[in-house]
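> Generate a structure from the sequence data that follows.
(chains A and B)
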Amino acid sequence: MSGYNVSALRAQFPILKNEVHGEPLVYLDNAATSQKPQVVLDASRNYYELLNSNIHRGTHYLAQQATAAHEQARDTVAAHLHAGSREEVIFTSGTTDGINLVASILGYSGRIGPGDTILISNLEHHSNTVPWQLLCERSGASLEVIPVHEDGTLDLDSFHRLLGDHQDTLKLVALTHISNAFGTVLPLETVIKSSHEAGALVLIDGAQAVPHLVMDLEALDVDFYVFSGHKAYAPTGIGVLYGKRALLESLPPWRGGGEMIKKVSYEGTTYNELPYKFEAGTPNIEGAIALATALGFLNDLGLEEVHEHEHALIEHAAGTLSGIEGVRLYGPHDRIGSLSFNVEGIHHYDLGTLLDKMGVAVRTGHHCCQPLMARFGITGTLRASFACFNDEGDVQRLAQAVEKAVAMLR
Amino acid sequence: MTIAERQEQLLQDLNLFQDWTERYEYVIGLGRKLPEMPPVQKTDDKLIEGCQSRVWLDARLEKGAVHYMADSDSQITKGMIALFIHFLDGESPDHILTADFAFIEKTGLKEHLAPTRANALSLMATQMKQRALDFAGPAS
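Alright, predicted model coming up:
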């Protein structure tokens, strides 16, 4: 850990120099979106200053350069994910886009149809819930939900029971890798193995995992994995859907248009190969390049070092906050990324508002997990979420701010 | 006092506080003084659901004057409600309909009414006027 220089790291994030209501910014809302290091900002700017051109079909120099940079970004992502091949990396506009893509192609292809079952968990973000609800409404399939324990971990007994109960109809299991609300890390190896044994495909929402964990999707044997660039130090509007090659080849396209075709005529149109089959229209070229830069940034820091650093902070924060009277933490001790809590008798909105006045940015509310909040009988929580650049000072400011806010509201 | 005069008075009171802490403590204090809405009256039909906090609003017309009863599970929101009720309670529907909430900008509390805030307060301000409109009847 002695190699991890958090002050040098903070200096790479220009936004951290900001003051909010006259106080230095303490940014603890990284699960909502991450801040961007200079190297990523430079990559975005450099693309438009030096490379900008439409890609894949141009014969001129800039077009070739832009194409090469975009496709190199794909290779970078594939390597980062330990994907089997670059054809398995589809660029999307984000996690929500990727999940909707999968839901649509599973529906259109008839892979999921009347009487089929889709399994999700009570932890899921709305983006890994609503696309499946829509698919069920449109296809006649039904949705089942794996419950969670009081500590926010997945109820594995119920999971296995549900697999058994729906063995004949189960087609897909869609789960989060790490819960955005509670930081729960799901036991993916177990879950994927059991789901495959039950004959189901598995989609994992990795939006909260990519910024914090080393990825090895080939080893994981997952069928689909989605994540968003903007949560992993890259700009908004770019994301990735990873899908097993044979699976993606067997599924029909979703969006139609330029790039995803081979030949277009009114008598019939043929579609392009992977990965382009699922990338209609001009892509977010700058976003893809900036995403590759962001992943490079993370790899230079070392994901294991990042994880160790963040883990120490979140543990310290959890310990300090627990010491404040009336604080209730949600989620398990081994949470990653997000720390949710409430203070008894005090509304999370009130606390969040006062924290904001002290320059501390946390998120309050249901965190796009209304069913999870309902299960715990609450309308929302305060959530502090950590990134590579947060430091001990941030944890102290958070704790002091919570104490002061609680005193004002008691 | 007219609505405008009450607003002016409030602004003067609030401007005595330089510090945001004191400003918020004042607003929270106002909310604490607001009569509790009995739980039995906090029914779903009176609920104005914002993203973050819940607000209940009820209104009745008595001898040409509108009287409001409101509550919230958020103390800051309840304090803001107390401000609105302070201005509008007991006024005629016509006066309420022409009342201006823009003064909130000058109080240093305007973020609570911003639509982006996903808060029930902006909806509540609209609702209070809507109830006045209902009471004003077709002649207005």
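> Quick check: the gap between A:E310 and A:I118.
Relative to A:I118, A:E310 is positioned 32 Å away (Cβ to Cβ, to the nearest Å). For every residue, glycine as well, the C-beta is placed using N, CA and C.
> scratch that, A:M260 is what I was asking about
Distance check for A:M260 against A:I118: by Cβ to Cβ, it reads 26 Å.
> between these two, which one's more packed in?
Ranked by neighbour count (other Cβ atoms under 10 Å in any protein chain shown), A:M260 and A:I118 place A:I118 first, with 28 against 20.
> Which element, helix or strand, includes the more buried one?
Assigning secondary structure by DSSP states H and E places A:I118 in strand A:117-121.
> just A:A8 next, same as before
With DSSP H and E as the criterion, A:A8 is inside helix A:6-10.
> on contacts alone, who are the packing partners of that helix?
Contacts of helix A:6-10 with other secondary structure elements, assessed using 3 or more Cβ pairs under 8 Å, 6 or more residues apart in numbering or on different chains; DSSP states H and E, are absent: no helix or strand is involved.
> ok, and what's touching it?
Among residues not part of helix A:6-10, those counted as contacts by Cβ atoms under 8 Å, 6 or more residues apart in numbering or on different chains are A:L16, A:L301, A:H309, A:C388, A:F389, A:N390, A:D391.
> redo that, cut-off 10 Å
Contact partners of helix A:6-10, identified using Cβ atoms under 10 Å, 6 or more residues apart in numbering or on different chains, comprise A:16-17, A:35, A:37, A:297, A:301, A:306, A:309, A:313, A:387-394.
> now swap in stretch B:4-16 and tell me
Residues from elsewhere that reach stretch B:4-16 (Cβ under 10 Å, 6+ apart): B:1-2, B:22-23, B:26-27, B:30, B:83, B:86-88, B:91, B:95, B:98-104, B:106-109.
> any idea which residue sits dead centre in chain A?
A:A207 (0.8 Å; Cα atoms, centre = their mean).
> how many other residues sit next to the closest residue to that one other than its chain neighbours?
If you skip the residues right next to it in sequence, A:A207 has A:T95 as its closest partner in space, 4.4 Å away by Cβ to Cβ, 6 or more residues apart in numbering or on different chains. The burial count assigned to A:T95 is 26, neighbours taken as other Cβ under 10 Å.
> So A:T95 sits against A:V226, correct?
Yes. Using Cβ atoms under 10 Å as the test, A:T95 is close enough to A:V226 to be in contact (4.8 Å).
> what do those two both touch?
Listed as contacting both A:T95 and A:V226 by Cβ under 10 Å, 6+ apart are A:S127, A:N128, A:D205, A:G206, A:A207, A:V210, A:G239, A:V240, A:L241.
> list the contacts for the third one?
A:D205 makes contact with A:95-96, A:98-99, A:120, A:123-125, A:127-128, A:174-180, A:186, A:224-228, according to Cβ under 10 Å, 6+ apart.
> about what we covered before: can you give me the separation between the residue nearest to the centre of chain A and B:D71?
Distance of A:A207 to B:D71, given as Cβ to Cβ: 37 Å.
> Kindly report the same for B:L34.
B:L34 sits 8 Å away from B:D71, taking Cβ to Cβ as the criterion.
> Same question for A:V6.
In this view, A:V6 and B:D71 are 45 Å apart by Cβ to Cβ.
> which one of these two has more residues nearby?
B:D71 (22 against 16).
> contacting residues for the residue of the stretch 101-250 of chain A found nearest chain B?
In the stretch 101-250 of chain A, the residue found nearest to chain B is A:H126; the distance is 12.8 Å by Cβ to the nearest Cβ. Taking Cβ under 10 Å, 6+ apart as the definition of contact, the neighbours of A:H126 are A:T96, A:Q133, A:H366, A:H367, A:C368, A:C369, A:Q370, A:P371.
> who's in contact with the most centrally placed residue in chain B?
Averaging the C-alpha coordinates of chain B gives a centre point, and the residue nearest to it by Cα atoms, centre = their mean is B:F84 (2.7 Å). Taking Cβ under 10 Å, 6+ apart as the contact definition, B:F84 lies against B:L57, B:Y68, B:A70, B:A99, B:F101, B:I104, B:L121, B:M124, B:A125, B:M128.
> and if we set it to 8 Å?
Residues in contact with B:F84, defined by Cβ under 8 Å, 6+ apart, are B:Y68, B:A70, B:F101, B:M124, B:A125, B:M128.
> Among those residues, which are located in strands?
With strands identified by DSSP state E, the entries of the contacts of B:F84 that belong to them are B:Y68, B:A70.
> bridging residues for the residue lying closest to A:L409 once chain neighbours are set aside?
Counting by Cβ to Cβ, 6+ apart, A:I346 is the residue found nearest to A:L409 once chain neighbours are left out, at 4.9 Å. In this entry, A:I346 is beta-bridged to A:V343, by DSSP bridges.
> Could you do B:L47 as well?
Each beta-bridge partner of B:L47 is listed here, defined by DSSP bridges: B:W56.
> what about it, how many residues close to it?
B:L47 has 13 neighbours, counted by other Cβ under 10 Å.
> got the contact list for it?
Contacts for B:L47 were tallied using Cβ under 8 Å, 6+ apart; they are B:R54, B:V55, B:W56.
> roughly how far apart are it and A:I378?
Looking at B:L47 against A:I378, where the rule is Cβ to Cβ, the gap reads 17 Å.
> Next: A:E304.
Noted for A:E304: a distance of 34 Å to A:I378, by Cβ to Cβ.
> Quick check on the two: which one has the bigger neighbour count.
Here A:E304 and A:I378 are compared on neighbour count by other Cβ under 10 Å; more neighbours surround A:I378, at 15 against 10.
> element containing that one, please.
Taking DSSP H and E as the criterion, A:I378 maps to no regular element, lying outside all helices and strands.
> May I have the residues that are in contact with it?
Counting by Cβ under 8 Å, 6+ apart, A:I378 makes contact with A:N342.
> Which residues of chain A lie near chain B?
By the criterion of Cβ under 8 Å from any Cβ of the partner chain, the positions of chain A lying close to chain B are A:21, A:346-350, A:353-354, A:357, A:364-366, A:379-380, A:408-409.
> Drop anything exposed from these.
The neighbour-count test (16 or more other Cβ atoms under 10 Å in any protein chain shown) marks A:346-350, A:353-354, A:357, A:364-366, A:379-380, A:408-409 as buried among these.
> In those residues, find the pair that's most separated.
A:H366 and A:M408 (23.9 Å; Cβ to Cβ).
> how about the strands in chain B?
According to DSSP E, the strands that chain B contains are B:47-49, B:54-62, B:65-72.
> remind me, longest helix of chain B?
The single longest helix within chain B, with elements called by DSSP state H, is helix B:120-136.
> Going by contacts, tell me the helices and strands next to it.
Applying 3+ Cβ pairs under 8 Å, 6+ apart, we find helix B:120-136 packed against strand B:47-49, strand B:54-62, strand B:65-72, helix B:75-88, helix B:93-98.
> okay, those, which one's buried deepest?
Burial among the helices and strands packed on helix B:120-136, expressed as mean neighbours by mean count of other Cβ atoms under 10 Å in any protein chain shown, is greatest for helix B:75-88, which shows a mean of 23.
> ok and that one relative to strand B:65-72, angle-wise?
Angle between the axes of helix B:75-88 and strand B:65-72 is 180 degrees (criterion: axes from the mean of the first three to the mean of the last three Cα atoms, to 10 degrees).
> average model confidence for helix B:75-88?
Across helix B:75-88, pLDDT averages out at 89.
> Which member of the contacts of B:L47 is positioned nearest chain A?
Using Cβ to the nearest Cβ, the shortest approach to chain A within the contacts of B:L47 belongs to B:R54, at 7.1 Å.
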